[in-house]
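Student: turn this into a structure:
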Amino acid sequence: MASFGKKMSELRKEKNMSQGDLAKLLKTSISVIGRYERDEMTPSIEVAKKIANFLDTTVGYLLGETKETNLFKDPEMLQRLHDIKALKENEQEHILFALDAMLRDAKTRKAYVK
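Tutor: I've put the predicted structure just below:
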């Protein structure tokens, strides 16, 4: 699995951003960015959030918690989650129960199609 620094470097390069560009956005030096990317230094939580924001990803992706670079950046999916969260608890449970069943069925179908 790629490290925080490696993922950070890859995403920065995908955005055609130099270490200097990112350093300016973070109000730090190029050498600090280099140390982050070489995993010689770990950013604070606040800095990691800023890095993720500037690189259009999540801290979870940079930390290896998810393989998706922008799982929680899809506005339609986020709106659905907010809509569910705004419902009464028993309504949330019903929707999540149905959703879990549909996901389980889809995974089962996918397993048999291979």
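Student: domains of the protein?
Tutor: 4-70, 74-113 (automatic domain parsing).
Student: ok, for residue 25, nearest residue in space, not its chain neighbours?
Tutor: Spatially, and ignoring its direct neighbours in sequence, residue 25 is nearest to residue 54 (5.1 Å; CB to CB, 6 or more residues apart in numbering). In this view, the C-beta of every residue, glycine as well, is placed from N, C-alpha and C.
Student: let me see the contact set for that neighbour.
Tutor: 17, 22, 25, 26 (CB atoms under 8 Å, 6 or more residues apart in numbering).
Student: which one's the longest helix in the protein?
Tutor: Longest helix of the chain, by residue count under DSSP state H: helix 89-113.
Student: by contact count, what packs against that helix?
Tutor: Helix 89-113 sits against helix 75-85, with contacts defined as 3 or more CB pairs under 8 Å, 6 or more residues apart in numbering; DSSP states H and E.
Student: ok, back up a step: and the domains of the chain, which is most packed in?
Tutor: domain 4-70 (a mean of 16; mean count of other CB atoms under 10 Å).
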